[in-house]
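Colleague: take a look and give me a structure for this.
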Amino acid sequence: MPPARLIILAGILTVLGASDRAVSLLADMPLVQQASQGMSEIKLLCLALVFVYAFFTFSWCMRQYNFAAVLVGSARMIGERHGQRAGAQGLRLAGGAVYSLAANQFNLGLRSYYFGMAMLSWFVSPWLFMVMSAGVCVVVYRREFHSDVLDVMVFTPTESVPEQPARESTVAIG
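Modeller: Next comes the predicted model:
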């Protein structure tokens, strides 16, 4: 996935270099609010900042996953060599904590993509940008706090894993 992030950034920087042509192209489109070249460049810079943030967040996430893999992988060897199950268990717990941090960074990277897509609507209208940003907030909230996946993941060890809710098939034949 890193090449796609770089392509997005390269595209944004290319449009920034030819912002005068981009402004005239946007001016010819229907329903697009007119903006000056300076304002269009500010919008492009904001969009580039969002995707630069996403790039570094995903890069840091990958590093953390590698760190966690090393911790978890080395826990068994240390426990076997020295007969220290407690030390190995500590490394496993540390690996789990690093996995959790990496997953959080991955979520931040995904959210930046969601808001970057909403930011694209700013080129059409600031009102559309506000609506799209609110829509992204609603989608992220529902996925974080009210999803079927969350229902499956959140259970106490004494319980069994909850069953998936039955869904009706809506496949059209014909």
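Colleague: pull the contacting residues for F129.
Modeller: By Cβ atoms under 8 Å, 6 or more residues apart in numbering, the contact set of F129 is A118, M119, S121, W122. For the C-beta atoms, the positions are set from N, CA and C on the backbone; glycine is no exception.
Colleague: CSV for the residues you listed, including secondary structure, distance to F106 and neighbour count?
Modeller: Shown next, in CSV, are the contacts of F129 (DSSP: H, G, I helix; E, B strand; the rest coil; distance: Cβ to Cβ, whole Å; neighbours: other Cβ atoms under 10 Å):
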residue, secondary structure, distance to F106, neighbour count
A118, helix, 19, 21
M119, helix, 20, 20
S121, helix, 25, 17
W122, helix, 26, 22
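Colleague: and those residues as TSV, adding distance to Q33 and pLDDT?
Modeller: TSV is the format used below for those (distance: Cβ to Cβ, whole Å; pLDDT from 0 to 100):
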residue	distance to Q33	pLDDT
A118	16	93
M119	15	91
S121	11	89
W122	9	88
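Colleague: dump the residue contacts of W127.
Modeller: Contacts of W127 (Cβ under 8 Å, 6+ apart): none.
Colleague: how close does it get to A69?
Modeller: Computed as Cβ to Cβ, to the nearest Å, the W127 to A69 distance reads 46 Å.
Colleague: got the phi and psi for the closest residue to F115 other than its chain neighbours?
Modeller: Excluding the flanking residues, the one nearest F115 by Cβ to Cβ, 6 or more residues apart in numbering is V136, at 5.7 Å. The phi/psi pair for V136 (degrees, to the nearest 10) reads phi -60, psi -40.
Colleague: just give me the neighbour total for V136.
Modeller: 18 (other Cβ atoms under 10 Å).
Colleague: just V154 next, same as before
Modeller: 9.
Colleague: so how far is N107 from it?
Modeller: From V154 over to N107 the distance is 16 Å, taken as Cβ to Cβ.
Colleague: now swap in W122 and tell me
Modeller: From W122 to N107 the distance is 23 Å (Cβ to Cβ).
Colleague: next: V140.
Modeller: 9 Å.
Colleague: next: S147.
Modeller: 13 Å.
Colleague: when these two are compared, which one has more neighbours?
Modeller: The residue with more neighbours, out of S147 and N107, is N107; 15 against 11, by other Cβ under 10 Å.
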